[in-house]
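# This is the structure alone, sequence omitted:
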């Protein structure tokens, strides 16, 4: 007789299906989940072990960079009052030549016309820029890089803290340090340092040594002509002579004398002659 409630299996048979089959499936699923979690944790630990040295390296690299920045700032700030010592280029020339001529002299002991002559020759807008003369840079780029676009501040950074030679690395460091120097040094201090570290002849550094070397006088006794001659040789001090000037140096000397008189008249010397 067919069951009244339908289906082909008797109720007793259905009731006799063991519950352990269902529980076993759940146990297997649970065990599988635990295994997956353990595998995931193991993978995470392995990744953490691999990442930990990179984090350590990154952390210490950042610390070293911060320490370097602080040291550079402290050195630049110190040089706003303390005179820089022998720089890299002076040292290399001293090794090559067996000695160099140099003597530090205070700004007050330099003839004012010498400062005006250097500004007229190298950086006519010295008092009007913040370290970079954008007009001069554009003119240098348009000229294909044959003329220099560096300001006196940039030259001070190169001479005091960096090295000579053209490279993107040096120019990048120069670009970073120039605003720092402009921030912590006065214009008068920048010009004072420049006049004491610039090369005026092979192995002759600073205006005091140059005045004695070329003219046999102290830097405070330089005439407008002598000051302009010294400023005229700055772009190529190992090739040009202030004592025996070529025709080009003579023409350049005349232009510098006119420029020095002009910046004195139009106020472009106020930032260093006024002590600012």
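Received the coordinates, thanks. Everything numeric in this text was worked out from a predicted model, so none of it was measured.
# contacts and neighbour counts: CA atoms only from here.
Noted.
# Now stretch 229-247: buried residues?
Neighbour counts over stretch 229-247 (16 or more other C-alpha atoms under 10 Å) mark 229-234, 237, 240-242, 245 as buried.
# Neighbours of residue 196, how many?
Neighbour count for residue 196, taken as other C-alpha atoms under 10 Å: 23.
# next one: residue 264
Neighbours around residue 264, by other C-alpha under 10 Å: 16.
# Kindly provide the distance from it to residue 124.
11 Å (C-alpha to C-alpha, to the nearest Å).
# so what's the nearest residue to residue 233 once chain neighbours are set aside up against?
In space, and not counting its chain neighbours, residue 233 is closest to residue 240: 5.5 Å by C-alpha to C-alpha, 6 or more residues apart in numbering. Contacts for residue 240 (C-alpha atoms under 8 Å, 6 or more residues apart in numbering) come out as 201, 233, 246, 249.
# what bridges to the first one?
With beta bridges defined as DSSP bridges, residue 201 has these partners: residue 204.
# isn't it right next to residue 237, touching?
Yes. Using C-alpha atoms under 8 Å, residue 201 is in contact with residue 237, at 4.7 Å.
# Residue 171: which of the contacts of residue 240 is nearest?
For the contacts of residue 240, the closest approach to residue 171 (C-alpha to C-alpha) belongs to residue 233, at 23.3 Å.
# Need the pLDDT of that closest one.
Note on residue 233: pLDDT of 97.
# hmm, back to that, keep only those of the buried residues of stretch 229-247 that are in helices.
Using DSSP state H, the subset of the buried residues of stretch 229-247 located in helices is 229-232.
# gap between stretch 188-199 and the chain center?
Centroid separation for stretch 188-199 versus its chain: 19 Å, with C-alpha atoms, centre = their mean, to the nearest Å.
# what's the answer for stretch 104-115, then?
28 Å.
# ok, residues contacting it?
188, 191-192, 195-196, 206, 208, 219-224, 227-228, 231, 260, 273.
# Same list (the contacts of residue 240) but as TSV, adding distance to residue 159.
Shown next, in TSV, are the contacts of residue 240 (distance: C-alpha to C-alpha, whole Å):
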residue	distance to residue 159
201	15
233	17
246	26
249	23
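# quick one: residue 227 and residue 117 touch, right?
Yes. Residue 227 lies in contact with residue 117 (C-alpha under 8 Å); the separation is 6.3 Å.
# So these two - more neighbours on which side?
Using other C-alpha under 10 Å, the more surrounded residue of residue 227 and residue 117 is residue 117, with 31 against 27.
# Can you check the pLDDT for that one?
Residue-level pLDDT assigned to residue 117 equals 97.
# Can you list the low-confidence ranges for the chain?
1-51, 140, 142-148, 275-276 (pLDDT under 70).
# middle-most residue in it, spatially?
When C-alpha atoms, centre = their mean is applied to the chain, the residue found nearest the centroid is residue 173 (2.3 Å).
# how long is stretch 258-271 end to end?
19 Å.
# my read: residue 268 touches residue 123, true?
No. Contact criterion C-alpha under 8 Å: residue 268 and residue 123 do not qualify, at 10.5 Å.
# before we move on, the earlier item: PyMOL command for the buried members of the contacts of stretch 104-115?
Of the contacts of stretch 104-115, the buried ones can be selected in PyMOL as follows, counting by 16+ other C-alpha under 10 Å:
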select buried, resi 188+191+192+195+196+206+208+219+220+221+222+224+227+228+231+260+273
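# Wasn't the residue nearest to the centre of the chain part of a helix?
Yes. Counting by DSSP: H, G, I helix; E, B strand; the rest coil, residue 173 is found in a helix.
# Which residue ranges of the protein form strands?
Counting by DSSP state E, the chain has strands at residues 101-102, 199-201, 204-205.
# mind giving me CSV with those strands and columns for mean neighbour count and distance to residue 168?
CSV is the format used below for these (neighbours: other C-alpha atoms under 10 Å; distance: least, C-alpha to C-alpha, whole Å):
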stretch, mean neighbour count, distance to residue 168
strand 101-102, 19, 30
strand 199-201, 26, 23
strand 204-205, 24, 26
